[in-house]
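Peer 1: take a look and give me a structure for this.
(chains A and B)
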Amino acid sequence: MTVAISYAYAVARDDGALHEALTGVFGVSGAPVRLVRTEDCDGLVVAVSPVPSNDFDEESLRRHLEDLDWVERTARAHHRVVEALAGRTTVLPLRLVTLYRDDERVRSALADGCDGFASRLDELTSRAEWGVKVFVDEPSSGTPQDPPAAELSPGRAYLSRRRDRRNAREDAYRRAGQAVSRIESAARAHAVGRVRHRPQQGALGPRTGQNVSNDAYLVPLRDAEDFRAEVAQAADGFTGVRVEITGPWAPYSFAAADLPQGRTDAAP
Amino acid sequence: MRPVDGPPVPDEEPLPDRQVALIDLLDRLLAGGVVLTGDIVLSIADIDLVRISLRSLIVSISEENLSPWNALPARRRP
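Peer 2: Residues are numbered from 1 along each chain as shown, chains lettered A, B, ... in the order given. The predicted structure is shown next:
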């Protein structure tokens, strides 16, 4: 039997009018988003929307999570809700597909984690996450800097071309390494936290070049412009190295830090 | 990302309705966010497995058009 269960998006502090931010915002399965609260955790709420249980049971989820279209729809819907809240208050985004049987269970999770949520929200207030990715462009092929001498045998000419290509790549990576150091110092001058993500690759990754670092920084709002400008400038002068800055993001990469361990085994 | 009354976005690069890249979002939603034990029994270890298989899906798509560049040692997080 299909019933509605509760999909939880984020914990946030309610100023009393947070529900206004959710007007016209629809959740993962297209239903309106509501705020769940409990007397045991004053001022904090969990944003939740109903989803059909048959689409979110364990077996369906395993299947869905291998379906990139489903993952994209769900991730974007999750993000829309987090964004709507983040436009108004500090949020702790929850991981994708955090599900409860009903709102009563959400309330009890909120009550259990209340102190940890409250202190983390305090730490994240007036701060935003920025993404900083560094890419190395492929050296252009087909125009070797030193064409092999005409008298080389085909075999030697081949080896010579390979060596040139390898040298060009090694140069590119050396420059990228120096650029990454420069970019990191520029970023850390303003950031109060950093989390490293795995370099991006594959079909969803960079269309050209290689991603060599993929970091998230937590930056005070008042430093955002300096952070962006100085990080962008830090790659100047490094041929073939690109830096890409994304954000501001809700503090996804910093939401979990320092929360009490109990959060992962709080279920009865 | 489009903040609604959110942190200011510098003028020189307006990001009005630009969609965030899915891969940037997945970095954050599959590796970040607060992990709570919900009622659907995907344990933390299971979620990691799902993440890995999802990533292998993403990577395997790209192996159809392998570039020599991919064979290079990239700087990786241990």
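
Peer 1: tally of neighbours for the residue lying closest to residue A:254 once chain neighbours are set aside?
Peer 2: Ranked by C-beta to C-beta, 6 or more residues apart in numbering or on different chains and with sequence neighbours excluded, the top spatial neighbour of residue A:254 is residue A:218, at 4.9 Å. C-beta coordinates here come from the backbone N, C-alpha and C atoms, glycine included. Residue A:218 has 21 neighbouring residues, counting by other C-beta atoms under 10 Å in any protein chain shown.

Peer 1: go on, residue A:251?
Peer 2: 29.

Peer 1: mind picking out the helix or strand in chain B with the poorest mean pLDDT?
Peer 2: Confidence across the helices and strands of chain B bottoms out at helix B:44-62, with a mean of 50, counting by mean pLDDT, DSSP states H and E.

Peer 1: look up how far residue A:94 lies from the closest residue to residue A:2 other than its chain neighbours.
Peer 2: Leaving aside its sequence neighbours, residue A:2 sits nearest to residue A:54 (C-beta to C-beta, 6+ apart; 4.4 Å). Distance of residue A:54 to residue A:94, computed by C-beta to C-beta, to the nearest Å: 22 Å.

Peer 1: just residue A:209 next, same as before
Peer 2: 33 Å.

Peer 1: could you check which of those two has the larger neighbour count?
Peer 2: residue A:94 (27 against 18).

Peer 1: from the chain's centre, how far out does whatever helix or strand that one lives in sit?
Peer 2: In this structure, residue A:94 is located in strand A:91-100 according to DSSP states H and E. Relative to the mean C-alpha coordinate of its chain, strand A:91-100 is positioned 14 Å out (C-alpha atoms, centre = their mean, to the nearest Å).

Peer 1: elements contacting it?
Peer 2: Here strand A:91-100 touches strand A:4-13, helix A:68-86, helix A:103-124, helix B:22-31, going by 3 or more C-beta pairs under 8 Å, 6 or more residues apart in numbering or on different chains; DSSP states H and E.

Peer 1: let's see 6 Å
Peer 2: strand A:4-13, helix A:68-86 (3 or more C-beta pairs under 6 Å, 6 or more residues apart in numbering or on different chains; DSSP states H and E).

Peer 1: closest to residue A:109 out of the ones you listed?
Peer 2: Closest approach to residue A:109 among those (C-beta to C-beta): strand A:4-13, 7.7 Å.

Peer 1: angle of that closest one against helix A:68-86?
Peer 2: 40 degrees (axes from the mean of the first three to the mean of the last three C-alpha atoms, to 10 degrees).

Peer 1: ok, and what's touching strand A:4-13?
Peer 2: A:28, A:43-51, A:53, A:78, A:81-82, A:85, A:89, A:91-94, A:98-103, A:106, A:117, A:121 (C-beta atoms under 6 Å, 6 or more residues apart in numbering or on different chains).

Peer 1: tell me which residues in that strand are buried?
Peer 2: For strand A:4-13, the neighbour count (16 or more other C-beta atoms under 10 Å in any protein chain shown) marks A:5-13 as buried.

Peer 1: thanks a lot, catch you later.
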